[in-house]
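J.: Mind looking at a prediction? Sequence and model below.
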Amino acid sequence: MSFLKIKDPSKRDKLVAEYLKTKKKIQDDFRSERLGEQSLYEDFGKISKPITEQQQKTSEEIVSKLEAIENTPQVPPALPQPELEALRESLLPTDIGQIARKYLTDS
């Protein structure tokens, strides 16, 4: 828009003032809309605060329990195969038949 083409200074000043007023109103509307969205996000934050706090406490509990599990002593290594077979044989009852002994030792 060219304000310079208007020859009458009073009309030009009035039009420029109206233009500036409209421009400021658009900026203010945009700003208030953005601030309105911001306050909406703040309201969501207030509403969801108890939920997020509870989730944080729960996650901290889980992490502490996992750390406790990681710090437990490790399971001793498995016995070598010959020693394991000897242990199995020693734990089997002596009064069972060959078929039962076969199925019990194959596991």
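T.: Looks like it arrived, so ask away. Numbering: from 1, shown residues only.

J.: Check the contact between Trp101 and Thr94; I expect there is one.
T.: One thing to correct before we go on: residue 101 is Arg, not Trp. No: counting by Cβ atoms under 8 Å, Arg101 stays clear of Thr94, with 9.7 Å between them. All C-beta atoms are positioned from the backbone trio N, CA, C, and that covers glycine.

J.: who's more crowded, the two?
T.: Arg101 (15 against 6; other Cβ atoms under 10 Å).

J.: and the strand or helix carrying Leu15, how far out from the chain's middle?
T.: Taking DSSP states H and E as the definition, one finds Leu15 inside helix 9-70. With Cα atoms, centre = their mean, to the nearest Å as the basis, helix 9-70 stands 21 Å off its chain's centre.

J.: so where's the chain uncertain?
T.: Regions of the chain meeting the criterion pLDDT under 70 cover residues 1-4, 75-77, 79, 106-107.

J.: Using the record's assignment, carve it into domains.
T.: Domain assignment for the chain, taken from automatic domain parsing, gives 1-72, 76-107.

J.: Now the terminal residues of stretch 69-87, how far apart.
T.: 30 Å (Cα to Cα, to the nearest Å).
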